[in-house]
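Trainee: this is a predicted model, with the sequence first.
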Amino acid sequence: MKYFCLLLALMLSPPVFAQTGLPPAPLADRQLDDPVKEAAARNLMEELRCLKCQSQSIADSNAPMAGDMRSKVRERIAAGETPEQVRDWLVDRYGAWVTYDPPVSAITWPLWIAPVILLILAIWLARGRFRRKKDNE
Amino acid sequence: MIAEAGLIALWLAAGLALLQLALGGIGLKAGRTDLLQAIRPVAVAQGGLVTLSFLLLIWLFLRSDMSVALVVKNSASVKPFLYKFAGTWGNHEGSMLLWVTVMGLAGAMIALFERNLKTATLVTTLAAQAFISLGFYAFLLISSNPFERMFPVPADGQGLNPLLQDPGLAFHPPTLYFGYVGLSVAFSFAVGAMITRDVGPAFARAMRPWVLGAWIFLTLGITAGSYWAYYELGWGGWWFWDPVENASLMPWLAATALLHSVTVLATRDGLRAWTVMLAVVAFSMSMIGTFLVRSGILTSVHAFAVDPERGSFILALLAIYIGGAMALFALRIGTVKEGSKFELVSREGALVANNLLLSAILGIVFIGTLYPLFVEAITDEKLSVGPPYFNLAAGPITLLLVAIMAAGPLLKWRRDNPKKLLNRLSIPILVTAAAVFLLVLLTTSMSVMSLLAMGLAAGIALASFAPLWKRNLRRTPMHVYGMVIAHFGIAVALVGMASESSFTEEKLVAAQPGTEIEINRWNLKFEAIEPLAGPNWTALEARISARYDGGETVEITPQNRMFASAQTQTSEAALLTRWNGQLYVVLGEGDSEGRWQIRTWWKPFVTLIWYGGILVALGGLLAVVGRLRRSRRQRLQREYAEVMV
């Protein structure tokens, strides 16, 4: 019953995040019963930034807001959403800042092509070296 | 008076650094040998004075002299001795003074012990060293005076950040600084050799011990920092690709590349320009690391003071040093001949691959760390780049790199036969394949990357010992053992990383006294919760009895500490180490019904990550000792031969 009341309170107050004085969110530190879903939630939590902390994921933070976010993530995963849907929902609310996995966009594409360019550059440099040697012979 | 004496010593040291630079510059221009000879004693005196200044600052901290502003802000009279001592560098000013002290000591050591370099190159090296130090002296004396007095004198200090009150503080910052400064010495050598056009094997052999030394300290510093974060922050994370972590990783990557290319230059007289370039890059990375961490551009436990004036000062220093180094490189590199040639399948070829792949990883870490800052500066949009990006972008290249690491030491210099190489590697390849096969068969929770990492690690662990095959073990040089152990250490660390990320088990429980928790084969019983008082904190301590697999009962006591001076809380995790992993227990918040949040993890083989790091550093140590002994022996033989003639 108590658990139900909490859940009800949570649902009736949409902007619950980061409000102090409230009891901690129900699923902040309670694992889901389904180990597959818990693992999915856990993986996602490790990739979400705690917005009130200094460079910590919500999985690694004591901040009340991180607890609230963990609870939300577990709740949504338990309700059957995929981790990507939950992530998109959070990005919609908080912007790209919230995810450590930068979404591909007009701003982030240089990040994603950088490794490819670096590798091509490395191979080109190496090829240049060895070919020059043969030319000299 | 102590503070004033420290400040005077610092000014004198700065003056001597200026003299050191002038002696080198004028002496070389005018060809005055008397000036050149004076530079050694000046460098030694400079090192002595700056060390004195640093020791005086330590003394002020130990005495808790509350008339000094820095002590007031970062210390308190009731604080364990160790943290008064280590607290000296647990703040911005003190850590910069430590930087320049290590720099001065390194200069003094070069002046005292370097006997193999040409005089002109040595003098230029010491002058370059003085030039770098001068920037830091200016920084300290103009905008970060550690000896500033405070009036009126307060009754007590404000205390040290509780997260820093850990034995790790005594070890982690100094080791990293030794590493950074060692790279600055390598850089000074490169500048010296470029200016005097002396880039060759002799220069490489003089530089190598410094590169190796710096690399050993960086390895230890990163390993220690990783373990410290793992147990102190209370979440069991050992690497988060946090900008501050990356700031220490980038110089390490550059130093690793440099230490392999300097070997090619020393033994085969190849890769001259490339080695000099890497020395420049390695130093730039340690400067960028210092800038990122110290300027306050990243807020973290490391950014002691967020102060724009200091940030711009460090940025200016950074621009002068890196810009100057790059300009010198561009001007002089045309005169550096490439050196001797080699084929693709050869020891040199593998080392070139090592260098290029390490540079690619360095590039990825660099871009991933700085791009969000860049985007925020120009568009006001905030981005987070973290583990998913770095693991995906750098992971596969790392695996390729470690595969080449297994092959490299088995190749001959200059040219080798690819078929013979495959022959030599056949057993490690089979072991890798078998390991991957078994893991696919027996486990379910592994990602492709962890699977490959674990398989490769098995093969590499074997291949790393192959260079000793059929060798007379007693006559094998020490540096070969060093290489073997360092490469083996990488395999060990890889197993730890893959195992931790694949097999960690987690249990979160709201427990009352009497509650039992089962995790893996552990049985934990929450006995009681009790208050406790330490020297400058109070705590709540949970008593938990733990049994592994029905064995002996061990009591563990995770704590939640409250520090009075800072109004902050830290959690002290309880760790139980077994040969096959570590149990990690944290006490969280309590609720109104007398239940306590207890977080527990079982992390199989996690300790291998740090044992691997220690092995890598140990390998480096063997290499540097072996190399130094060998060069000393050779010098003695040479001198003996000269006497006989």
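Mentor: Okay, I see it. Everything numeric in this text was worked out from a predicted model, so none of it was measured. Numbering: from 1, shown residues only, chains lettered A, B, ... in the order given.
Trainee: report the distance from stretch B:346-355 to the chain centre.
Mentor: 24 Å (Cα atoms, centre = their mean, to the nearest Å).
Trainee: ok, stretch A:104-122 next?
Mentor: The answer for stretch A:104-122 is 21 Å, by Cα atoms, centre = their mean.
Trainee: name the SS class of the residue of the stretch 401-550 of chain B found nearest chain A, please.
Mentor: Proximity of the stretch 401-550 of chain B to chain A (Cβ to the nearest Cβ) peaks at B:L508, 4.8 Å away. Just so you know, the C-beta spots here come from the backbone N, C-alpha and C atoms, and that holds for glycine as well. Using DSSP: H, G, I helix; E, B strand; the rest coil, the structure places B:L508 in strand.
Trainee: excluding residues flanking it in the chain, which one is nearest whichever residue of the stretch 251-400 of chain B sits closest to chain A?
Mentor: Nearest residue of the stretch 251-400 of chain B to chain A, counting by Cβ to the nearest Cβ: B:G386, 2.7 Å away. The shortest distance from B:G386 to any non-neighbouring residue, by Cβ to Cβ, 6 or more residues apart in numbering or on different chains, is to A:Y100 (2.7 Å).
Trainee: for the one you found, give me its contacts.
Mentor: The contact partners of A:Y100, by Cβ atoms under 8 Å, 6 or more residues apart in numbering or on different chains, come to A:E47, A:L48, A:R49, A:S57, B:S384, B:V385, B:G386, B:P387, B:P388, B:Y389.
Trainee: now the helices for chain A?
Mentor: A:2-12, A:35-45, A:64-78, A:83-94, A:109-136 (DSSP state H).
Trainee: B:P409 contacts B:P467, doesn't it?
Mentor: Yes - the pair B:P409 and B:P467 qualifies as a contact (Cβ atoms under 8 Å) at a distance of 4.5 Å.
Trainee: mind checking how far whatever residue of chain A ends up closest to chain B is from B:E530?
Mentor: For chain A, the residue closest to chain B is A:Y100, as judged by Cβ to the nearest Cβ, at 2.7 Å. A:Y100 is 38 Å from B:E530, where distance means Cβ to Cβ, to the nearest Å.
Trainee: and B:W522, by the same measure?
Mentor: Applying Cβ to Cβ to B:W522 and B:E530 gives a distance of 22 Å.
Trainee: neighbour count winner among the two?
Mentor: Set B:W522 next to B:E530 and count neighbours by other Cβ atoms under 10 Å in any protein chain shown: B:W522 wins out with 20 against 12.
Trainee: up against chain A, what does the stretch 101-250 of chain B have?
Mentor: B:L233, B:G234, B:W235, B:G237, B:F240, B:D242, B:P243, B:V244 (Cβ under 8 Å from any Cβ of the partner chain).
Trainee: what's the closest of these to chain A?
Mentor: B:W235 (3.8 Å).
Trainee: pull the contacting residues for the residue nearest to A:P103 when sequence neighbours are not counted.
Mentor: Excluding the flanking residues, the one nearest A:P103 by Cβ to Cβ, 6+ apart is A:A96, at 5.9 Å. Residues near A:A96 by Cβ under 8 Å, 6+ apart: A:P102, A:P103, A:S105, A:T108, B:E381, B:K382, B:L383, B:S384.
Trainee: hmm, back to that, worst mean pLDDT among the helices of chain A?
Mentor: Of all these, helix A:2-12 carries the lowest average pLDDT, namely a mean of 43.
Trainee: per the record, what domains does the chain have?
Mentor: Just going to use chain A. Domain ranges of chain A: A:2-102, A:104-137, per automatic domain parsing.
Trainee: wrong one, I was asking about chain B
Mentor: When chain B is cut into domains by automatic domain parsing, you get B:1-165, B:174-335+B:349-407, B:425-503+B:612-645, B:505-604.
Trainee: save these as JSON lines, and put in mean pLDDT too.
Mentor: What follows is the domains of chain B, written out as JSON lines (pLDDT from 0 to 100):
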{"stretch": "domain B:1-165", "mean pLDDT": "88"}
{"stretch": "domain B:174-335+B:349-407", "mean pLDDT": "86"}
{"stretch": "domain B:425-503+B:612-645", "mean pLDDT": "91"}
{"stretch": "domain B:505-604", "mean pLDDT": "88"}
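Trainee: okay, those domains in CSV with distance to A:A66 next?
Mentor: CSV is the format used below for those (distance: least, Cβ to Cβ, whole Å):
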stretch, distance to A:A66
domain B:1-165, 17
domain B:174-335+B:349-407, 11
domain B:425-503+B:612-645, 21
domain B:505-604, 12
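Trainee: residues of the stretch 401-550 of chain B that sit close to chain A?
Mentor: B:S445, B:E506, B:K507, B:L508, B:A510.
Trainee: just the buried residues from those residues, in PyMOL please.
Mentor: Only the buried entries of these go into this PyMOL selection, using 16 or more other Cβ atoms under 10 Å in any protein chain shown:
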select buried, chain B and resi 506+507+508+510
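Trainee: for B:L18, state which of the residues of the stretch 401-550 of chain B next to chain A is nearest.
Mentor: B:E506 (57.7 Å; Cβ to Cβ).
Trainee: how about the contacts made by the closest residue to the closest one other than its chain neighbours?
Mentor: Distances taken as Cβ to Cβ, 6+ apart place B:W601 nearest to B:E506, at 5.3 Å, with adjacent residues excluded. By Cβ under 8 Å, 6+ apart, B:W601 lies in contact with B:G236, B:T504, B:E505, B:E506, B:K507, B:I519, B:L583, B:Y584.
Trainee: also B:G482?
Mentor: B:G619, B:G620, B:L621, B:L622, B:A623, B:V624, B:G626.
Trainee: the last one: which element?
Mentor: Which is B:G626. helix B:608-644 (DSSP states H and E).
Trainee: B:R543 touches B:V554, doesn't it?
Mentor: No - with contacts counted by Cβ under 8 Å, B:R543 stays clear of B:V554, the gap being 11.5 Å.
Trainee: so which of the helices of chain A is nearest B:W99?
Mentor: Within the helices of chain A, the stretch nearest B:W99 is helix A:109-136; the backing value is 30.5 Å (Cβ to Cβ).
Trainee: ramachandran angles for the residue nearest to B:E506?
Mentor: phi -130, psi 150 (degrees, to the nearest 10).
Trainee: name whatever forms a beta bridge with it.
Mentor: B:E506, B:Y584 (DSSP bridges).
Trainee: what distance do you get for it to B:A493?
Mentor: The value you get for B:W601 to B:A493, if Cβ to Cβ is used, is 19 Å.
Trainee: what's the answer for B:G159, then?
Mentor: Where B:A493 is concerned, B:G159 sits at a distance of 36 Å (Cβ to Cβ).
Trainee: what sits against the closest residue to B:L357 other than its chain neighbours?
Mentor: Spatially, and ignoring its direct neighbours in sequence, B:L357 is nearest to B:L401 (4.3 Å; Cβ to Cβ, 6+ apart). By Cβ under 8 Å, 6+ apart, the contact list for B:L401 reads B:A353, B:N354, B:L357, B:L358, B:I361.
Trainee: which SSE is the first one in?
Mentor: Element membership for B:A353, per DSSP H and E: helix B:347-379.
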